[in-house]
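Novice: fold the following.
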Amino acid sequence: MTPTGVTWLGILVNVALAVVKVAVGVFARSQILLADGLHSVSDLLSDAAVLVGLRVSGRPADQDHHYGHRRVTTLVTMFVGAALLVTAIWIIYRAVVTYREPHALARAYLPFSVALVSIVPKELLFRVTRAIGLSAGDASVVANAWHHRTDAFTSVAAAAGLAAVAFGGPEWAFMDHLTAVVLSAFLVVAGVRFIHDSASELVDRAPAAAVVSCIEEAVSGTPGVQGFHALRVRRVGGALTLDVHVLVDPAISVVQGHEIAHDARVRVLNCGLEVLEAVVHVEPAEADGDSTKA
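Specialist: Below is the predicted model of the structure:
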């Protein structure tokens, strides 16, 4: 299945779950199930955004976008995070302002059943979407998979909270609101993480030190490379792009220097990281270790 195909599958599942959860949540006056249903609605919005991102990000470079369109997925990932954050804040607000409203405890068994049944399809959707997103190297699809996982988690917690309401009696009705707030706190954390990661990419923050170290080892281990400097690494749509200046014997020919640069590039692309592009510049190495700029 392709990233587009699994996203369409997510849309179909989320439409069904959102309609059922919201309808039952309103009917049974269940804040937990209503919160869970609105989370499914936010999943639906993120699915739509990912579809748009997949359509645009795959376009090749053109006159107006010399580096391609991959960072559209970064913007989509940020949107997914924002949708999670807004949804969580709204759920918390509703849980607080409706705290004293009466609960239809006689109807609690229905929302409990709905929440329990919805766990399985969301967890399966998470696993399939994440696997396809990782295989395709698309950060927005992976983020959307975690959006599905958070929906599965909220359904687990919702079922637990609704079980307390359904089987515990009126004195346990507060669990409806309390569980909704706790679930929303997890959504806030997930939303902030996606926003932070996307913003870090947009401002070209360097990846983790371990990632940079792996690239440095690949470059320095290339036969003919006597040293390197000016290594710059950034993320573009979840993948890595980089450029580096390698130092070679000044007595070799241009052709030999080009071959060394090519070998260094191949080693970086095959170092086990998701490197989209590597630009390797060749400079002559001097006896004192300095380089001569071209």
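
Novice: for the residue most central in space within the chain, pull up the helix or strand it's in.
Specialist: The residue lying closest to the centre of the chain (CA atoms, centre = their mean) is Ala143, at 2.3 Å. Assigned by DSSP states H and E, Ala143 belongs to helix 139-168.

Novice: any idea of the mean pLDDT for the next helix or strand after that helix?
Specialist: The element immediately downstream of helix 139-168 (helix or strand, assigned by DSSP H and E) is helix 174-202. The average pLDDT within helix 174-202 is 81.

Novice: contact partners of the next helix or strand along the chain from helix 174-202?
Specialist: Per DSSP H and E, the first helix or strand lying C-terminal to helix 174-202 is helix 209-220. Identification of contacts with helix 209-220 by CB atoms under 8 Å, 6 or more residues apart in numbering yields 206, 225, 227-228, 231, 233, 240, 242, 244, 246, 264, 267-268, 271-273, 275, 280. C-betas here are computed from N, CA, C, even on glycine.

Novice: same deal with stretch 111-126?
Specialist: For stretch 111-126, contacts defined as CB under 8 Å, 6+ apart pick out 9-10, 13, 17, 20-21, 24-25, 28, 30, 32-33, 36, 145-146, 148-149, 151-152, 155-156, 158-159, 162-163, 165-166.

Novice: returning to what we had before: so which of the contacts of helix 209-220 belong to helices?
Specialist: Members of the contacts of helix 209-220 lying in helices (criterion: DSSP state H): Ala264, Arg267, Val268.

Novice: hang on, the earlier thing: can you tell me how far the residue nearest to the centre of the chain sits from Val41?
Specialist: 17 Å (CB to CB, to the nearest Å).

Novice: again with Glu286
Specialist: 63 Å.

Novice: neighbour count: those two, which is higher?
Specialist: Val41 (18 against 12; other CB atoms under 10 Å).

Novice: got a list of what that one touches?
Specialist: Applying CB under 8 Å, 6+ apart to Val41 gives the contacts Asn14, Ala18, Val22, Thr87.

Novice: what score does Gly169 have for pLDDT?
Specialist: 66.

Novice: likewise for Asp263?
Specialist: Note on Asp263: pLDDT of 94.

Novice: for it, which non-adjacent residue is spatially closest?
Specialist: Once flanking residues are discounted, Asp263 sits nearest to Thr222: 5.2 Å by CB to CB, 6 or more residues apart in numbering.

Novice: quick check: the one you found touching Leu247?
Specialist: No: at 11.2 Å, Thr222 does not count as touching Leu247 under the criterion of CB atoms under 8 Å.

Novice: whichever strand or helix holds Gly10 packs against which elements?
Specialist: Secondary structure from DSSP H and E places Gly10 in helix 3-28. Helices and strands touching helix 3-28, by 3 or more CB pairs under 8 Å, 6 or more residues apart in numbering; DSSP states H and E, are helix 31-57, helix 109-136, helix 139-168.

Novice: ok, and for it, which residues are buried?
Specialist: 3-4, 6-7, 9-11, 13-14, 17-18, 20-22, 24-25, 28 (16 or more other CB atoms under 10 Å).

Novice: in the stretch 101-250 of the chain, where is pLDDT below threshold?
Specialist: 101-108, 137, 139, 169-170, 173, 176 (pLDDT under 70).

Novice: distance-wise, check Val20 relative to Ser184.
Specialist: Val20 sits 20 Å away from Ser184, taking CB to CB as the criterion.

Novice: same deal with His66?
Specialist: The gap separating His66 from Ser184 is 42 Å, by CB to CB.

Novice: out of those two, which sits in the more crowded spot?
Specialist: The neighbour count for His66 versus Ser184, taken as other CB under 10 Å, is higher for Ser184 (24 against 7).

Novice: contacts only, for that one.
Specialist: Contacts for Ser184 (CB under 8 Å, 6+ apart) come out as Ala35, Thr87, Ala88, Ile89, Ile91, Ile92, Ala95.

Novice: now render the contacts of Val41 as CSV, adding pLDDT.
Specialist: Shown next, in CSV, are those (pLDDT from 0 to 100):
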residue, pLDDT
Asn14, 81
Ala18, 83
Val22, 83
Thr87, 76
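
Novice: in a markdown table, list these along with distance to Tyr109.
Specialist: As requested, the contacts of Val41 are arranged in a markdown table below (distance: CB to CB, whole Å):
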| residue | distance to Tyr109 |
| --- | --- |
| Asn14 | 24 |
| Ala18 | 21 |
| Val22 | 18 |
| Thr87 | 26 |
